[in-house]
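Enquirer: build the 3D model from these lines:
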Amino acid sequence: MNSGSYAAQAVYLDYNATTPMRPEALQATYDALQTVGNASSIHDHGREAAARVDHARQQVADMLNCSRGELIFTSGATEASNLALQAAYTQRDLIITSAVEHPAVLETARALVRDTPGALFVLPVDNKGRTDPGTLKATVEQRGVALVSIMLANNETGVITDLTPMIEAAHEAGALVHTDATQYVGRLPLDLGALDVDLLSLSAHKLGGPQGVGALFIRRGTPLPQRPLVFGGGHERGWRAGTLNVPGIAGLGAAAEAAHRQLGEEAPRITKLRDLLEGELLTQIPGSYINGAAASRLPGVTSITFPGAPADAVLASMPDVAASDGSACSAGAPSPSHVLLAMGLSREDADSTVRFSLGYATTEQEIRRAADATVRAVTHVRAVMGSTDSP
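Expert: I've put the predicted structure just below:
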């Protein structure tokens, strides 16, 4: 059996790592690949490429309810977050972020303050994965703050942050606010006319677009010095040099339009499927529990701990289900998930946690197959390890 036919038969529940491309995005990317043109050129081929970019920029802007002039195309959310933090940070002030951020934010912040001890404050979270707005408010009132960077939804647990009180506190202190919205965009409604963040990062492949392309939202009028990571021809109004990835950008635009159009149907359907999966697993696997269950969560994300059954062994025992042992971006790391540890899990329980993430193409039949496979796998691993069936 070749890898393609095997993958086609497996149940894919790792949408937080990357999503299958939506048909609309695949077609738009293919169409752009069939044409030749550099969007910076003034001849007909260049103008056609530029038109595709402009159209995609408008499609993303429509999804976010912002101006297309407030969007910078990047290679993904990692680059967008790096660009945002580097531009907003000054060595005289403080960066505030949270303990459960993606490494694209945490590691960038640590690198920026490496020579300035005490310039980074990492907010703790409670056992449901939530950041306390009161702690943020007290911190910004006591010290000069340049930037607050708090994710909108966590990539491992799906826990959603109530950003509004944090934005208000930060702005009152004169700080800029960046949010990593990578997992949120395209899954729940997001209106940048109402959510007053200054900077926002997103990635195409999390909402059904191609890999290798994303965007940074910079609100018009934000007092931000231009500090590009890549120098060259001054593309993207000087924020990011380099020939534009026209096929990728076209795919991002088409994915954004499709996700925005179908959101009203997808979100409740996916929530119902997630609840079905959780119900089956909690009922049939003694001692299992959901991380962040009592918090507001994304529709299709569940982080489930199976005490006594290491996640890597569970996943190896159900090769027909594609899921993740925590964050896919840190797969293979020797230490447990920093997100789960910050929520108070022991190292053993953190290592025994599987993340299932559903998306637009997930079906009920797949969920039932995945539930059956997971029950068998956990039961097998616990039997082999001689563990009890409860924590």
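Enquirer: in the lengthiest helix in the chain, what counts as buried?
Expert: Ranked by residue count, the top helix of the chain under DSSP state H comes out as helix 246-284. Neighbour-count burial for helix 246-284 flags 246-260, 262-263, 266-267, 269-270, 273-274, 277-278, 280-281 (criterion: 16 or more other CB atoms under 10 Å). The way it works is simple: take the backbone N, C-alpha and C, and place the C-beta from them, glycine included.
Enquirer: same deal with stretch 226-233?
Expert: So, applying 16+ other CB under 10 Å, buried residues of stretch 226-233: P228.
Enquirer: what's around the residue nearest to A50 when sequence neighbours are not counted, how many residues?
Expert: Once flanking residues are discounted, A50 sits nearest to A39: 4.3 Å by CB to CB, 6 or more residues apart in numbering. Counted by other CB atoms under 10 Å, the residues lying close to A39 total 20.
Enquirer: gap between A39 and F217?
Expert: A39 sits 20 Å away from F217, going by CB to CB, to the nearest Å.
Enquirer: before we move on, the earlier item: check contacts around the residue nearest to A50.
Expert: Listed by CB atoms under 8 Å, 6 or more residues apart in numbering, the contact set of A39 reads G46, A49, A50, R52, V53, T243, L244, V246.
Enquirer: confirm the fifth one sits in a helix?
Expert: Yes - per DSSP: H, G, I helix; E, B strand; the rest coil, V53 lies within a helix segment.
Enquirer: give me the neighbour count for it.
Expert: 20.
Enquirer: circling back: show me which of the contacts of A39 are buried.
Expert: Buried among those (16+ other CB under 10 Å): A49, A50, R52, V53, L244, V246.
Enquirer: mind jotting down where the strands sit in the stretch 151-300 of the chain?
Expert: Ranges of strands in the stretch 151-300 of the chain, per DSSP state E, counting those that start in this stretch, are 176-180, 199-203, 214-218, 289-290.
Enquirer: give me whichever of those is most buried.
Expert: Most buried of the strands of the stretch 151-300 of the chain by mean neighbour count (mean count of other CB atoms under 10 Å) is strand 199-203; its value is a mean of 29.
Enquirer: can you tell me the strand partners of that strand and which way each runs?
Expert: Sheet neighbours of strand 199-203, with direction, are listed as strand 176-180 (parallel), strand 214-218 (antiparallel) (DSSP bridges).
Enquirer: nearest to R382, out of those?
Expert: Proximity to R382 (CB to CB) singles out strand 176-180 among these, at 35.6 Å.
Enquirer: give me the mean pLDDT for that closest one.
Expert: Strand 176-180 shows a mean pLDDT of 97.
Enquirer: same deal with stretch 364-377?
Expert: Stretch 364-377 carries an average pLDDT of 98.
Enquirer: what of stretch 263-283?
Expert: 97.
Enquirer: then stretch 73-84?
Expert: For stretch 73-84, the per-residue pLDDT averages 96.
Enquirer: now do that stretch: distance to the chain's middle.
Expert: The gap between where stretch 73-84 is centred and where its chain is centred comes out at 12 Å by CA atoms, centre = their mean, to the nearest Å.
Enquirer: residues in contact with that stretch?
Expert: 53, 57, 72, 102, 104-105, 108, 149, 178, 180, 182, 199, 201-206, 211-216, 218, 227-229, 236, 239-240, 244-245, 249, 252.
Enquirer: switch to 7 Å and redo it
Expert: 104-105, 108, 178, 180, 182, 199, 201-203, 212-216, 229, 236, 239-240, 244, 249 (CB atoms under 7 Å, 6 or more residues apart in numbering).
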